[in-house]
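Student: quick one, what's the 3D model for this:
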Amino acid sequence: MKARTKLFLFVLFAGLIMTIACFEDTMLLLGGRTVDLNNSEITDYEEGALATGSLYYPVGCMMTQETSSSIAFIPTGKVTKYIYLMCSVGHDKYDAYMNGDEELNDFYVVFSTYDKDLISKIDGLSAEWDAYLADEAAGAEIPATEIAFEGKLVPQPSEQEYTEARDEILTKWGFKPAEVATYMIEEGKVPEWVKYLFFGGIAAALIGLAGTVISAVSALRKKETVS
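Tutor: Modelled structure (predicted):
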């Protein structure tokens, strides 16, 4: 196989890898649907979308998972993912509920993040709620802290280890399946450059495919000429 053909094959497969790796996030960006945690219904969490909002009431950390991180299928190391159960309400809605101005109409969402700074903030917010609930009868003020985030809605893992651990903790905490959204929030802003990498991958794959075909046809003609 000639060096030129090898180069075109490399471009073809590199383009395919780029396209596949960026496909899901590109579809979310092009789809334009964004779900606001604090202004949404549980039925909004049944398909992929971008996600935004503020974390206000973390019920607790459900579990942690050590996973391998990668960029475009290239391994970058091990990371620990923290998986929380979050209430959908924000401070304003909860404050209005406490004042009797509106119904709470809350539901719960599984929320995951690798960000150590965010994890620290969520743990701090949990501590605020623990302190408030301990002194609620004494007239303590409700927590006012909110944590802004960006991310995307993804299906919850289907592996038995995850589903069993999730169902066990939800039962322990007294939650019914109907109270928890089907899709989970995976924290982390989806960058705009992903779609450019996606279309660049398509272009590279097409160039690689065309070059490979042309090289193959050229080699075949030369062989026939020699014969």
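Student: every contact and neighbour count from this point should use C-alpha atoms.
Tutor: Will do.
Student: so how far is R4 from the residue nearest the centre of the chain?
Tutor: With distances taken as Cα atoms, centre = their mean, the chain has E186 as the residue nearest its mean C-alpha position (2.8 Å). Relative to R4, E186 is positioned 42 Å away (Cα to Cα, to the nearest Å).
Student: related to what we said a few turns ago, does the residue nearest to the centre of the chain belong to a helix, a strand or coil?
Tutor: At E186 the chain is in strand, as set by DSSP: H, G, I helix; E, B strand; the rest coil.
Student: same check on V190?
Tutor: V190 - assigned by three-state DSSP - is coil.
Student: equivalent analysis for the one 4 residues further on, please.
Tutor: Under three-state DSSP, V194 falls in the helix class.
Student: just the pLDDT for it.
Tutor: In this prediction, V194 carries a pLDDT score of 92.
Student: going forward, the N-terminal residue is numbered 47.
Tutor: In the new count, where the first residue is 47, that last one comes out as V240.
Student: that one reaches D71, doesn't it?
Tutor: Yes. Contact criterion Cα atoms under 8 Å: V240 and D71 qualify, at 7.0 Å.
Student: picking up where we left off before, contacts only, for the residue nearest to the centre of the chain.
Tutor: With contact set as Cα atoms under 8 Å, 6 or more residues apart in numbering, E232 has these partners: F157, S158, T159, G197, K198, L199, V200.
Student: bridged to the last one, which residues?
Tutor: Per DSSP bridges, residues listed as beta-bridge partners of V200: M230.
Student: does it really touch E233, like I thought?
Tutor: No. V200 is not in contact with E233 according to Cα under 8 Å; the separation is 10.1 Å.
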